[in-house]
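**Q** Whatever this is, show me its structure:
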Amino acid sequence: MDSNLLEYPNAAIWYQKIRDVFDFDQNNDIIARDLLYSLRKNIPVENVINSLQNRLKKKNLIFCGAGPSLQPILTIMVQILEKHRENFFIIAADGATRCLNELTLYPDLIVSDLDGITPDQLQNNLNSGCIASILGHGDNIPNIHRFKSILQTSPNLICTTQTTSRYPIINPGGFTDGDRGPFLLHHIIPSNYPFYMIGYDFEDKIGKYSKPNLSTDQPMTDFKRKKLKISQDLFDELQQNHSRNLIFINSPQQCERFNLMN
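**A** Okay, here's the model as predicted:
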């Protein structure tokens with residue numbers, strides 16, 4: 001697949017909306033993008049995109065956010081996921097990777113801006129055959145340096161930016177770790193594939209898997225609430241403008257939907 005096909009046409013519009021809310025410094029985002037470019041400029045991205053596309057075929061797509069409902073829902077699902085692992089393609093939003101690993105599950109794709117997992121955790125998952133989509137932005141430049149050896153050498157990376165793309169650094173759309181996964185795969189997989197969304201909680205608490213140093217869920221902050229509102233708006237755009245079927249599963253009762261998948 002041509003990497004240009006993964007560019008989201010409304011990305012610049014959303015980026016301006018996000019900057020209007022958070023006053024992010026575009027210059028710092030460009031610095032982060034160019035830092036990723038310096039590490040990846042000699043590594044074509046098409047091979048890993050094609051590998052990702054091939055792995056997705058005829059799979060049930062499970063997107064794991066890092067919200068408070070993730071662990072209880074995964075605990076219910078883990079036997080199904082293990083027994084029928086070949087039928088599922090699991091996408092972890094950053095720190096959700098740790099929850100999956102605790103249940104001896106490895107995601108097929110990690111979407112991260114490098115603040116929810118450690119270099120060792122990322123490398124261990126890459127060693128299992130995982131692909132990772134890594135965002136560079138102005139606030140995670142120190143983390144890009146911390147993960148430099150992985151970013152410079154791993155073939156199984158798709159590196160992204162939230163500002164103007166610079167090949168092989170692309171901009172498939174999205175904002176948070178949780179919504180950039182659906183936006184990336186939106187370009188790759190036919191629209192009749194449902195996206196099953198677990199651990200996506202938009203109220204009350206910040207999940208303990210959001211950051212490596214958390215051991216319990218945390219009270220919602222104004223900053224996080226604003227981020228989640230934009231994430232919800234982005235999901236609405238996928239559903240309303242692009243006919244994506246996003247099925248949110250955040251209670252044990254809703255796990256019964258998985259009976260349709262076995």
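
**Q** Show me the shaky parts of the stretch 1-150 of the chain.
**A** When residues are selected by pLDDT under 70, those of the stretch 1-150 of the chain lie in 2-3.

**Q** which residues in it form strands?
**A** Using DSSP state E, counting those that start in this stretch, the strands of the stretch 1-150 of the chain run over 60-64, 88-93, 109-112, 131-136.

**Q** Highest mean neighbour count out of these?
**A** Compared across those, strand 109-112 shows the largest average neighbour count, a mean of 28 (mean count of other CB atoms under 10 Å). C-beta coordinates here come from the backbone N, C-alpha and C atoms, glycine included.

**Q** so where do the helices sit in the stretch 151-262 of the chain?
**A** Ranges of helices in the stretch 151-262 of the chain, per DSSP state H, counting those that start in this stretch, are 177-186, 222-242.

**Q** by contact count, what packs against the longest one?
**A** Put plainly, it is helix 222-242. On a contact count with 3 or more CB pairs under 8 Å, 6 or more residues apart in numbering; DSSP states H and E, helix 222-242 meets helix 11-22, helix 177-186, strand 246-249.

**Q** Output those as a markdown table; include the columns mean neighbour count.
**A** Output for these, formatted as a markdown table (neighbours: other CB atoms under 10 Å):
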| stretch | mean neighbour count |
| --- | --- |
| helix 11-22 | 15 |
| helix 177-186 | 26 |
| strand 246-249 | 17 |
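
**Q** now the ones you listed in a markdown table, with distance to P68?
**A** A markdown table is the format used below for the helices and strands packed on helix 222-242 (distance: least, CB to CB, whole Å):
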| stretch | distance to P68 |
| --- | --- |
| helix 11-22 | 24 |
| helix 177-186 | 13 |
| strand 246-249 | 14 |
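
**Q** Which stretch among these approaches L126 most closely?
**A** For the helices and strands packed on helix 222-242, proximity to L126 was assessed by CB to CB; helix 177-186 is nearest, at 16.5 Å.

**Q** wait, which of the helices and strands packed on helix 222-242 is closest to D217?
**A** Comparison of the helices and strands packed on helix 222-242 against D217 by CB to CB identifies helix 177-186 as nearest, at 15.7 Å.

**Q** Just list whatever residues bridge to I206.
**A** Note on I206: beta-bridge partners Q218, judged by DSSP bridges.

**Q** Work out which residue lies at the spatial centre of this structure.
**A** V111 (3.0 Å; CA atoms, centre = their mean).

**Q** so it touches A96, yeah?
**A** No - V111 is beyond contact range of A96, at 9.1 Å (criterion: CB atoms under 8 Å).

**Q** still on that earlier bit, make CSV from the strands of the stretch 1-150 of the chain and add distance to I31 to it.
**A** Shown next, in CSV, are the strands of the stretch 1-150 of the chain (distance: least, CB to CB, whole Å):
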stretch, distance to I31
strand 60-64, 30
strand 88-93, 24
strand 109-112, 19
strand 131-136, 9
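
**Q** Quick one: closest of those to L184.
**A** Taking CB to CB, strand 131-136 is the member of the strands of the stretch 1-150 of the chain nearest to L184, at 5.7 Å.
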